[in-house]
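S.K.: The sequence and its predicted three-dimensional model are supplied below.
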Amino acid sequence: MTEELYKKYSEEVRYYLLDQVGKREVAKDLTQDTFNKVLSNKEKLKNVDNHEAWVFRIAQNTLIDYTRKKKEDSLIDSEIIDSTDFHEQVSDIELISDCLYELIEEYSQEQQDILLDVFTKSLTQKEAANYLDLPYSTFKSRVQKARSVILAEFRKRCCQLKYNQHGEIIGCESAK
């Protein structure tokens, strides 16, 4: 069965990953990683109704893992300038990230997965709505509500975000 999935979806997965990472060799490696994960989870196949969605979910998770690892590697490999501004910015990013993940962890596992995919932009709202078999408008309103609830809790428990003139987050002031 896993060989059939590979034959049926590997090319689509590779094109999807190529579109995301922009490098053929990386997309090829990530496709291979995806189908290694499919193979290692083949016992779950009998409980899967939509094989295509399941395979693409694994591909998206593989992409998320790759992106996180790449960010960690680039931080380790880069020269870090020892300045107060830099350390404050890293500290702010860590505070924002840690707090956001804590708030998201208060949702069910399925909701956590979808929120993380949507927030990290590895999954569009339309893709998430299809995955959950919900109308797009329903899903979109749920995401907007979740964002407003999380942002309100974020401001109460974590920090007030600071933005630049382009609306990009540049730091935060602790609420604690």
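M.R.: All right, it came through fine. As the structure is a computational prediction, the values presented were derived from the model and not from experiment.
S.K.: And the average pLDDT for stretch 128-136 is what?
M.R.: Taken as a whole, stretch 128-136 has a mean pLDDT of 82.
S.K.: Name the surrounding residues that touch that stretch.
M.R.: 53, 57, 110, 114, 117-118, 123, 125-126, 138-140, 142-143 (C-beta atoms under 8 Å, 6 or more residues apart in numbering). Any C-beta I mention is one placed from the backbone N, CA and C, and that applies to glycine too.
S.K.: Run through this structure and note the low-pLDDT ranges.
M.R.: 1-2, 72-95, 117-122, 169-171, 174-176 (pLDDT under 70).
S.K.: for the particular helix or strand that has Ser148 in it, which positions count as buried?
M.R.: Ser148 belongs to helix 136-157 when assigned by DSSP states H and E. Across helix 136-157, burial judged by 16 or more other C-beta atoms under 10 Å covers Phe139, Arg142, Val143, Ala146, Ile150, Phe154.
S.K.: which ones are touching the residue nearest to the fourth one when sequence neighbours are not counted?
M.R.: Closest residue to Ala146 in three dimensions, ignoring its sequence neighbours and counting by C-beta to C-beta, 6 or more residues apart in numbering: Leu115, at 6.3 Å. With contact taken as C-beta under 8 Å, 6+ apart, Leu115 is in contact with Ile104, Tyr107, Val143, Ala146, Ile150.
S.K.: same thing but at 10 Å, please
M.R.: Leu100, Leu103, Ile104, Tyr107, Leu123, Ala128, Arg142, Val143, Ala146, Arg147, Ile150 (C-beta atoms under 10 Å, 6 or more residues apart in numbering).
S.K.: With that, I have no additional questions.
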